[in-house]
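Peer 1: Structure for this input, please:
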Amino acid sequence: MVTNNFIAYSIKILGETAWDILFFPFWWYSYGLVERAKSIIAFLDHRQKSLALLVWIKNIHKPMYGQEDWRGRVISFLMRLTQVIIRSIMMLFWVIVGITLFFIWLVLPLFVVFQIFVIQFDIISLFSKYFQGT
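Peer 2: You can find the predicted model right below:
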């Protein structure tokens, strides 16, 4: 025998599931998008700190190892310039990764809907058969 609790909880679970499915696109492109952007910015900030790019740029004109003569200054400048260039290329790579992940976040639901409706239900061949007969 089915109890009233079973029916009440089943209706509540189905209602919440339907609400979650209907609310999902709004969450994905509002709160989820903002949170994803924050996490990518934090990721890029962490990458910048691990590369210490700003420290290398800030100290580019200071001589290394206290070498105050002109040769020490030239060698220090060239070494730090090389480090800044290499670290900037590495940081550019991480920025490209972050931007790519952000755009994947934007396009992923549209891609899933495309896969479900066009590929799974073979809508393109249905339309081609319909328009081929006219």
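Peer 1: S88 against A52, yeah?
Peer 2: No - the pair S88 / A52 is not scored as a contact, 11.9 Å apart, by CB atoms under 8 Å. For the C-beta atoms, the positions are set from N, CA and C on the backbone; glycine is no exception.
Peer 1: Return the per-residue confidence for T100.
Peer 2: T100 is assigned a predicted lDDT (pLDDT) of 97.
Peer 1: K38: which element?
Peer 2: helix 31-51 (DSSP states H and E).
Peer 1: which other helices and strands contact the next helix or strand after that helix?
Peer 2: Downstream of helix 31-51, the first helix or strand assigned by DSSP H and E is helix 53-58. Under the contact criterion of 3 or more CB pairs under 8 Å, 6 or more residues apart in numbering; DSSP states H and E, helix 53-58 touches helix 70-114.
Peer 1: low pLDDT regions in the chain?
Peer 2: 1-3, 121, 123-134 (pLDDT under 70).
Peer 1: about what we covered before: hmm, who's touching the helix holding K38?
Peer 2: L54, R87, M90, M91, W94, V95, G98, L101, F102, W105, L106 (CB atoms under 8 Å, 6 or more residues apart in numbering).
Peer 1: Kindly format the C-alpha coordinates of that helix as CSV.
Peer 2: In CSV, the C-alpha atoms belonging to helix 31-51 read as follows (Å, rounded to 0.1, in the frame of the first residue of the first chain):
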residue,chain,number,x,y,z
TYR,A,31,26.0,32.7,-11.6
GLY,A,32,28.0,29.8,-13.1
LEU,A,33,29.6,32.1,-15.7
VAL,A,34,30.6,34.6,-13.0
GLU,A,35,32.1,31.9,-10.8
ARG,A,36,33.9,30.4,-13.8
ALA,A,37,35.4,33.8,-14.7
LYS,A,38,36.5,34.3,-11.1
SER,A,39,38.1,30.9,-11.0
ILE,A,40,40.0,31.5,-14.3
ILE,A,41,41.2,34.9,-13.0
ALA,A,42,42.4,33.3,-9.8
PHE,A,43,44.1,30.6,-11.9
LEU,A,44,45.9,33.2,-14.0
ASP,A,45,46.9,35.1,-10.9
HIS,A,46,48.3,31.9,-9.4
ARG,A,47,50.2,31.2,-12.6
GLN,A,48,51.6,34.8,-12.6
LYS,A,49,52.8,34.4,-9.1
SER,A,50,54.4,31.0,-9.8
LEU,A,51,56.2,32.5,-12.8
